[in-house]
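Visitor: I'll drop the sequence and a predicted model, then ask my questions.
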Amino acid sequence: MALVTGGAGALGAATGLRLARAGSRVVLVDVDGDGAERAAERITAQTSLPVIGRKADVTAEADVERLIAEIAAEHGRLDQLVNAAGRNARGGFAEMREDWDQVVAVNLWGPALLCHAAADLMGRHGGAIVNIGSRTWLSGGPAAYAASKAGLVGLTRALAVELGPRGITVNAVAPSMVITPFTRRDRSDAEFAAIVERHEAMSAVPGLASAEDVANAVAFLASPEARFITGEVLHVAGGAQLAPRP
């Protein structure tokens, strides 16, 4: 049984599809419940597998506890948790105050709540947690976003140590630029083209990562093949996590 947050978004939906194709029963969760249901319906249409879409706010403790309780009652287990819900604020440090709490709540507090609520259920059989980070934890970026993603790496490593004895691995996937509605939002065509060009120039491998590239990395870390890997950050960045090319 797999739970993927941010299921209405490109990365969450791609991850849900990849896990479903690997044999997991998938629940997609998003604060946009209708979007999660539509994504689940698309995956079901492609795979003929019963993917579920549900509404939940990952920053609300009551929503998270209800969600995990429903999964426990309906399925009796949770094997994979993917924290893919994300929020960004693109302003500079001077303008970031009003966005700070929302960004940190979704990107860091939400995964912490999910991991805390899911640990007992996952610990009955063992399992895998994969947190979706960002290359910005190394490179920097918008202050609230980069700080939250760096914090997510710290959370990943702390939980890897704490939950390992219960048979739960905890890892992070850190993508570079992926062209999605999330990264394109509120940007003009010219502005977005310039951003894409800049990120392509940073990559040692031609092009940019796709949502499917990220989903493949998540699926590996969530699979039995990665059973002895924990506390790691897997960059899906074409080498852009290294110093930019001159």
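Guide: That came in fine, so what should we check first? Numbering: from 1, shown residues only.
Visitor: which secondary element of this structure has the worst mean pLDDT?
Guide: Within the chain, no helix or strand scores below helix 181-184, which has a mean of 78 by mean pLDDT, DSSP states H and E.
Visitor: thinking Val51 is in contact with Val29, fair?
Guide: No - under the criterion of C-beta atoms under 8 Å, Val51 makes no contact with Val29, lying 11.6 Å away. Using the backbone N, CA and C atoms, a C-beta is placed for each residue, glycine as well.
Visitor: For His235, give the beta-bridge partners.
Guide: Here His235 sits in beta bridges with Ala174, going by DSSP bridges.
Visitor: Counting neighbours, what do you get for it?
Guide: Counted with other C-beta atoms under 10 Å, the neighbours of His235 add up to 21.
Visitor: And Ala240, by the same measure?
Guide: Ala240, neighbours per other C-beta under 10 Å, totals 25.
Visitor: Ok, Arg198 next?
Guide: 11.
Visitor: Per-residue pLDDT of Met96, please?
Guide: In this model, Met96 is scored at 68, pLDDT.
Visitor: which residues touch the residue most central in space within the chain?
Guide: Closest to where the C-alpha atoms of the chain average out (C-alpha atoms, centre = their mean) is Ala84, at 2.2 Å. Residues in contact with Ala84 (C-beta atoms under 8 Å, 6 or more residues apart in numbering) are Val4, Thr5, Gly6, Gly7, Gly9, Leu11, Gly12, Thr15, Ile132, Val218.
Visitor: same thing but 6 Å
Guide: The contact partners of Ala84, by C-beta atoms under 6 Å, 6 or more residues apart in numbering, come to Val4, Thr5, Gly6, Leu11, Gly12, Thr15, Ile132.
Visitor: is it true that the third one touches Arg87?
Guide: So that's Gly6. No - if you go by C-beta atoms under 6 Å, Gly6 and Arg87 don't touch, sitting 9.6 Å apart.
Visitor: what about the two, which has more around it?
Guide: Gly6 (30 against 19).
Visitor: how close does the residue lying closest to Asn107 once chain neighbours are set aside sit to Thr136?
Guide: Excluding its sequence neighbours, the residue lying closest to Asn107 (C-beta to C-beta, 6 or more residues apart in numbering) is Ser148, at 3.7 Å. Separation of Ser148 from Thr136 (C-beta to C-beta, to the nearest Å): 9 Å.
Visitor: mean confidence for the helix or strand containing the residue nearest to Asn107?
Guide: Ser148 is part of helix 143-163, with elements assigned from DSSP states H and E. Averaged across helix 143-163, pLDDT comes to 96.
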